[in-house]
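Q: all I have is the shape, not the residue letters:
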């Protein structure tokens, strides 16, 4: 069995995962994101202890712990350079700290990378060696898988696909830059459009979906812009990497039918025909379990089907 | 020894290359780009025969031929889907055709990929496992090297870095898209700015460099815009792949000191500090020999230092 941790801004999810990929037991605790770094650590260690106790009761042996952490995490060094949800973690040597406290093997990685591993193992990327996962939420997370392995890059910071520059003098982003993909093709982007729209100013992204399904033109136009931006970003990924399978996850991917047409159109217009005709867009399948299942996969390794 | 072919829009270069990377003999013929596909093929085969004759005279044995071809070339299939300089090649099965005619091993790849291999072997990427080469000319060519190998992607079309979308509704590009990097950070981009500028309308890119060195503000501003666009494109590459070494080659890279400040500034503003401080920009070293040396490297393999 593998023990999995998926740390989010609100929830700290933990699970015991069978080598088949099935979640045998899981819990959801508060992640306490505004607390000091020691307290967050204690919460993580507490969640691990709870899962371990459960496994011991069942007489399951645990091979290790996979941990998915949001933010800029070095790999393999495991330093959390920054994490928007956990401001107390600034160049925090989480791997070294965990090494002292955990007596079993563990793997630490960015949460989007773990989700990408999960989708490749038991989700929409099953059986594929090369694919990219984009998670569309408040921002955009990314995981690039090539030859069956997460592409980490020189320091572990690869896959920051929310910060592809799609409008060089565009909207300011939290990263300090301008025109990042996640300023357009995320809940933040939708919120921006809602505020710009006189009609829909007081709406939420949830209202927007309802409105669009009932045929509201303004709502549909917002999804169209969202899709055009997302398609431009995917075109950049594909032109650079020639990876044919693109998985879209995160809460906003549920509005699939509202934006996927404009996404396809934008990819087509921004790539050569040889490339665009090969692109396969798929909705991620594991929803909010992707991170846990991928974290388990990081432990269970490639020898398990 | 390896035999190398570098096909360009104007010149067909060929060489005999020593396992040390030294070019022992080379020739430059016209590439005859406007001719039919059979004639272009005969020119290539003719160049190979000439180099082979030279090698035979010297009693050198040839291990194979590396060929760098401009355009969208599938890998390993070797179909030239399109090549702007060779309009007669449309879904042309060059690999299969060469296989019938050449009696020795050969490797066929995109010319920018070959140049990237060359720079990694004997140029600015020497000893590095991960780097990206951007060649700044009329357009922008790209080669991505990871773990010492060219990244080809699913069909061989990877590395089309001139078509990173940096302005989603920007200038129309020859690829059919809009806002591609090569519409801004290339000779084409400079030409566009020259035409926009009332003062410099009749200038050439060469004049521009002279003007900028003498302190002309309009000329310097054009390089600044060029650098900002290039920096935005490099930021996208780095955010996606976390590759720290970026090599800039091609004729325009010679204007290095005119644009490199704005490039650095743009990378800094479009990436996290953890990433931007690690980026290393270097001028490519092999000039127009990179393609030949890389084509030889593709034959001589990794066992030769």
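A: Ah, there it is. All figures in this text were calculated on a predicted structure; none of them were measured in a lab.
Q: apart from its chain neighbours, what residue comes closest to the most centrally placed residue in chain A?
A: Per C-alpha atoms, centre = their mean, the C-alpha nearest to the average position across chain A is that of residue A:112, at 3.2 Å. Distances taken as C-beta to C-beta, 6 or more residues apart in numbering or on different chains put residue A:141 closest to residue A:112, at 3.2 Å, once the chain neighbours are dropped. For glycine as for every other residue, the C-beta is placed from the backbone atoms N, C-alpha and C.
Q: where does the one you found fall, phi/psi-wise?
A: phi -100, psi 160 (degrees, to the nearest 10).
Q: residue A:196 - how many residues pack around it?
A: Using other C-beta atoms under 10 Å in any protein chain shown, residue A:196 has 10 neighbouring residues.
Q: and the pLDDT at it?
A: At residue A:196, the model reports a pLDDT of 91.
Q: quick revisit: ok, now how distant is the residue nearest to residue A:112 from residue B:45?
A: Between residue A:141 and residue B:45 the distance is 51 Å, computed by C-beta to C-beta, to the nearest Å.
Q: so the residue nearest to residue A:112 sits against residue A:134, correct?
A: Yes - Residue A:141 is within contact range of residue A:134, at 7.3 Å (criterion: C-beta atoms under 8 Å).
Q: neighbour-wise, which of those two wins?
A: Ranked by neighbour count (other C-beta under 10 Å), residue A:141 and residue A:134 place residue A:134 first, with 29 against 26.
Q: for that one, which three-state class applies?
A: strand (DSSP: H, G, I helix; E, B strand; the rest coil).
Q: can you pull the contacts of it?
A: A:140-142, A:161, A:230, A:233-234, A:246-250 (C-beta atoms under 8 Å, 6 or more residues apart in numbering or on different chains).
Q: same question, residue A:89
A: A:37, A:40, A:71, A:80, A:82-83.
Q: which stretches of chain A aren't confidently modelled?
A: Along chain A, segments meeting pLDDT under 70 span A:302-305.
Q: hey, where'd the strands end up in it?
A: A:2-7, A:11-17, A:23-30, A:65-69, A:72-73, A:80-82, A:90-92, A:106-110, A:131-136, A:140-146, A:149-150, A:245-249, A:280-283 (DSSP state E).
Q: of all the ones you listed, which one is nearest residue A:212?
A: Nearest of those to residue A:212, taken as C-beta to C-beta: strand A:131-136 at 15.4 Å.
Q: for that closest one, the distance to its chain's centre please.
A: Centroid separation for strand A:131-136 versus its chain: 7 Å, with C-alpha atoms, centre = their mean, to the nearest Å.
Q: pairing partners for that strand, with directions?
A: strand A:140-146 (antiparallel), strand A:245-249 (parallel) (DSSP bridges).
Q: in this structure residue A:183 contacts residue A:165, no?
A: No - Residue A:183 lies out of contact with residue A:165 (C-beta under 8 Å); the separation is 10.1 Å.
Q: which residue packs closest to the residue in the stretch 51-200 of chain A that chain B sits nearest to, ignoring adjacent ones?
A: The nearest approach of the stretch 51-200 of chain A to chain B comes at residue A:153, 2.4 Å away (C-beta to the nearest C-beta). Closest residue to residue A:153 apart from its sequence neighbours, by C-beta to C-beta, 6+ apart: residue B:242 at 2.4 Å.
Q: try residue A:229
A: residue A:184 (3.4 Å).
Q: got it, and residue A:15?
A: The nearest residue in space to residue A:15 (C-beta to C-beta, 6+ apart) is residue A:26, at 3.9 Å.
Q: what is the neighbour count of that neighbour?
A: Around residue A:26 there are 16 residues (other C-beta under 10 Å).
Q: and it, what does it touch?
A: With C-beta under 8 Å, 6+ apart, residue A:26 has these contacts: A:13-16, A:292.
Q: and for residue A:78?
A: A:93-96, A:98, A:108.
Q: tabulate those residues (a markdown table), appending neighbour count.
A: As requested, the contacts of residue A:78 are arranged in a markdown table below (neighbours: other C-beta atoms under 10 Å in any protein chain shown):
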| residue | neighbour count |
| --- | --- |
| A:93 | 14 |
| A:94 | 24 |
| A:95 | 20 |
| A:96 | 11 |
| A:98 | 18 |
| A:108 | 26 |
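Q: which of those are close to chain B?
A: Among the contacts of residue A:78, no residue sits close to chain B (C-beta under 8 Å from any C-beta of the partner chain).
Q: where exactly do the helices run in the stretch 101-250 of chain A?
A: Counting by DSSP state H, counting those that start in this stretch, the stretch 101-250 of chain A has helices at residues A:111-122, A:187-196, A:205-213, A:217-241.
Q: so how far is residue B:211 from the closest residue to residue A:265 other than its chain neighbours?
A: Among residues not flanking residue A:265 along the chain, residue A:231 sits closest, at 6.7 Å (C-beta to C-beta, 6+ apart). As judged by C-beta to C-beta, residue A:231 and residue B:211 stand 39 Å apart.
Q: compare those two (neighbour count), which wins?
A: Neighbour count, other C-beta under 10 Å: between residue A:231 and residue B:211, residue A:231 has more, with 30 against 19.
Q: quick check: that one touching residue A:261?
A: No - at 9.7 Å, residue A:231 does not count as touching residue A:261 under the criterion of C-beta under 8 Å.
Q: next, find the distance separating whichever residue of the stretch 201-305 of chain A sits closest to chain B from residue B:73.
A: Nearest residue of the stretch 201-305 of chain A to chain B: residue A:242, at 2.4 Å (C-beta to the nearest C-beta). Using C-beta to C-beta, residue A:242 is found at 12 Å from residue B:73.
Q: who touches both of these two?
A: By C-beta under 8 Å, 6+ apart, the residues touching both residue A:242 and residue B:73 are residue B:156.
Q: state the number of residues packed around residue A:52.
A: 17.
Q: same thing with residue A:106?
A: Around residue A:106 there are 20 residues (other C-beta under 10 Å).
Q: who's in contact with it?
A: A:64-67, A:98, A:299.
Q: switch the cut-off to 10 Å
A: Neighbouring residues of residue A:106 by C-beta atoms under 10 Å, 6 or more residues apart in numbering or on different chains: A:3, A:5, A:48, A:64-67, A:78, A:95, A:98-99, A:295, A:298-299.
Q: what bridges to it?
A: Beta-bridge partners of residue A:106, as defined by DSSP bridges: residue A:65.
Q: what about it, distance to residue A:77?
A: 14 Å.
Q: mutual contacts of the two, please.
A: residue A:95.
Q: domains of chain A?
A: Per the record, chain A has its domains at A:2-117+A:290-300, A:127-284, by automatic domain parsing.
Q: for residue B:278, find the nearest of the ones you listed.
A: domain A:127-284 (6.3 Å).
Q: first-to-last residue distance for that closest one?
A: 14 Å (C-alpha to C-alpha, to the nearest Å).
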